[in-house]
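K.L.:
Output the structure for:
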Amino acid sequence: MEATTTRLAELVRPFKGQTGATIPVLQAIQTNLGYLPPESFDVIEEELGIPATKAYGVATFYAQFRTTPVGKHLIKVCDGTACHVKGSETITTAIRDHLGLAEGADTTEDMVFTLEEVACLGCCSLAPVLMIGDVTYGNLNVEKTREVLDEYRRKEG
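P.N.:
Numbers count the residues shown, from 1 in each chain. I've put the predicted structure just below:
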């Protein structure tokens, strides 16, 4: 915990004295740590004078921020209109089942995958679509989705 607090202080200090630093400091922490650990908010308050409750309120208001750790591979499943009509719910269910995600969980226990449903990935002609990292997979069905996940699992060894 001490190492994390020290690292957080190092990330936060460059924002000292900056007006409107709440979102940029949260982005800096998340970029470096992958999420916003609980102690982030206390460090922000100590170092910048921004109340922890305010920083937490901003972090939980915007969808871009995560307060829980994410897996190595972030899977974004599009649930926009085109994808929804073409079965994105089936794809999401297949991913949950295939990865063994518990009800309400979005990250596998081994921290390899995190599943996130998003409003639109901008690939409507490829619906239904998912992204893993920067790679887009389209025209999905349950079998193709499982094959994609299995390929990532194989790479993990």
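
K.L.:
Return the residues in contact with the nearest residue to A21 once chain neighbours are set aside.
P.N.:
Among residues not flanking A21 along the chain, F15 sits closest, at 4.1 Å (C-beta to C-beta, 6 or more residues apart in numbering). In short, each C-beta sits where N, CA and C put it, glycine included. For F15, the contact set (C-beta atoms under 8 Å, 6 or more residues apart in numbering) comprises A21, P24, V25, A28, E47, L48.

K.L.:
helices and strands of this protein: which one has the lowest mean pLDDT?
P.N.:
helix 2-12 (a mean of 87; mean pLDDT, DSSP states H and E).

K.L.:
Could you list the residues in contact with that one?
P.N.:
25, 28-29, 32-33, 37, 39-40, 43-44, 46-48.

K.L.:
one more time with 10 Å
P.N.:
21, 25-26, 28-33, 36-48, 50 (C-beta atoms under 10 Å, 6 or more residues apart in numbering).

K.L.:
Generate a PyMOL selection restricted to the buried subset of those residues.
P.N.:
Applied in PyMOL, the following selects the buried portion of the contacts of helix 2-12 according to 16 or more other C-beta atoms under 10 Å:
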select buried, resi 21+25+26+28+29+30+33+36+37+40+41+43+44+45+47+48+50
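
K.L.:
Just the ones in helices from the contacts of helix 2-12, please.
P.N.:
Using DSSP state H, the subset of the contacts of helix 2-12 located in helices is 25-26, 28-33, 39-48.

K.L.:
ok so, going back, tabulate the contacts of F15 (a markdown table), appending pLDDT.
P.N.:
Formatted as a markdown table, these follow (pLDDT from 0 to 100):
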| residue | pLDDT |
| --- | --- |
| A21 | 95 |
| P24 | 97 |
| V25 | 97 |
| A28 | 97 |
| E47 | 95 |
| L48 | 96 |
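
K.L.:
If we only consider those, which is nearest to K144?
P.N.:
A28 (37.2 Å; C-beta to C-beta).

K.L.:
relative orientation of the least confident helix or strand of the chain and helix 39-48 in degrees?
P.N.:
Comparing the axes of helix 2-12 and helix 39-48 via axes from the mean of the first three to the mean of the last three C-alpha atoms, to 10 degrees yields an angle of 50 degrees.

K.L.:
Could you number the chain from 19 rather than 1 from now on?
P.N.:
Got it, first residue is 19 now, which makes that one helix 20-30.

K.L.:
how far out from the middle of the chain is helix 20-30?
P.N.:
21 Å (C-alpha atoms, centre = their mean, to the nearest Å).
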